[in-house]
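Engineer: predicted coordinates and the sequence they were generated for:
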Amino acid sequence: MSEHVHSQESFAIPGLIRRYVDRNVGSGPAPRRVRFAQIGKMQLKPGRWLSFAAKQEMAIHRVEFAWDARFRLATLVSVHVRDWYRDGDGGLDGRLFGRMPIIHAGGAEVARGEAMRYLAELPWAPHAMLANHALEWREIDGRSVEVSTLVGKTRVAVMLQLDSQGDITEASADARPRLVGKEAVPTAFRGVYSEYRVIGGVRMPTAPKRRGCCQRVRTRISADD
């Protein structure tokens, strides 16, 4: 399935976002992709945090990303997880020791949730805010904007909040599909961005926190060496 591209008029970019990009992106052409590394912890159940290390790649001119993470379950026991979205499709796969399949999620609801992840993580790929014509923008007020895209014929959207300095500090959605067992359940989602630093010539948040129902994530962002 090909990715929908909006007309020039439909993706008119709010001044809030243009100023954000001007502030955080240097001069020169936009790259095709950005890559960065993550270390963090994820709480899947109350009181149980799993450490992980990951590498993520995000496309600039299209809605597309891939996240490859390794979670440590115990000494010498790890799970490799791949989360991805491309061309209207998306999914999540987990393999014990990187070989034995133990988790798989796909389908229309999962794809919509993965596309929303890309929207929520645009502060890590600010070039895409201007260069990705599959994004549609709507200014809500002086501190918030909505960014959306189409997954097939379904529109998905995320709200971005900015502070008084013009930095994006929060991404949220009322109903992002989240995997619960074998089903994708619409769940309120909120991510908080802080500690902006320059990485690879781009100023971006390096200490995000994310929460959706019982799941919490704490991450540190660095350059992918």
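Structural biologist: Here it is on my side, so go on.
Engineer: where does this structure dip in pLDDT?
Structural biologist: Applying pLDDT under 70 to the chain flags the ranges 1-11, 212-216, 225.
Engineer: ok, which stretches of it are helices?
Structural biologist: Assigned helices in the chain, in chain order: 15-24, 108-120, 127-131 (criterion: DSSP state H).
Engineer: tell me the most buried of the ones you listed?
Structural biologist: Greatest average neighbour count among the helices of the chain goes to helix 108-120 (a mean of 24), per mean count of other CB atoms under 10 Å. (C-beta placed from N, C-alpha, C; glycine too.)
Engineer: alpha carbons of that helix, as CSV, please.
Structural biologist: Taking Å, rounded to 0.1, in the frame of the first residue of the first chain, the C-alpha atoms of helix 108-120 are listed here in CSV:
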residue,chain,number,x,y,z
ALA,A,108,-4.5,-2.5,10.9
GLU,A,109,-4.8,-1.5,14.5
VAL,A,110,-1.2,-2.2,15.2
ALA,A,111,-0.2,-0.2,12.1
ARG,A,112,-2.1,2.8,13.3
GLY,A,113,-0.4,2.6,16.6
GLU,A,114,3.0,2.5,15.0
ALA,A,115,2.2,5.5,12.8
MET,A,116,1.2,7.4,15.9
ARG,A,117,4.6,6.5,17.4
TYR,A,118,6.3,8.2,14.5
LEU,A,119,4.2,11.3,14.9
ALA,A,120,4.9,11.4,18.7
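Engineer: and that helix, what does it pack onto?
Structural biologist: When contacts are defined as 3 or more CB pairs under 8 Å, 6 or more residues apart in numbering; DSSP states H and E, helix 108-120 sits against strand 65-74, strand 77-86, strand 89-96, strand 144-151, strand 154-162, strand 168-180, strand 183-192.
Engineer: again, only using 7 Å
Structural biologist: strand 77-86, strand 89-96, strand 144-151, strand 154-162, strand 168-180, strand 183-192 (3 or more CB pairs under 7 Å, 6 or more residues apart in numbering; DSSP states H and E).
Engineer: tell me which of those sits most buried.
Structural biologist: Greatest average neighbour count among the helices and strands packed on helix 108-120 goes to strand 144-151 (a mean of 21), per mean count of other CB under 10 Å.
Engineer: for Leu50, see how far away Gly88 is.
Structural biologist: Distance, Gly88 to Leu50, using CB to CB, to the nearest Å: 30 Å.
Engineer: Ile102 - how many residues pack around it?
Structural biologist: Applying other CB atoms under 10 Å, we find 12 residues neighbouring Ile102.
Engineer: next, the contact list for it, please.
Structural biologist: 79, 94-96 (CB atoms under 7 Å, 6 or more residues apart in numbering).
Engineer: tell me the one of those nearest Glu136?
Structural biologist: Nearest to Glu136 among those is Gly94, at 32.3 Å by CB to CB.
Engineer: what sits opposite the closest one in the beta ladder?
Structural biologist: Following DSSP bridges, Gly94 is listed with bridge partners Val81, Ile103.
Engineer: got it, and Ala223?
Structural biologist: With DSSP bridges as the criterion, Ala223 is bridged to Phe36.
Engineer: settle it for me: which of Gly88 and Leu50 has more neighbours?
Structural biologist: Each of Gly88 and Leu50 has its neighbours counted (other CB under 10 Å); Gly88 has more, 20 against 15.
Engineer: how near is that one to Pro208?
Structural biologist: Separation of Gly88 from Pro208 (CB to CB): 26 Å.
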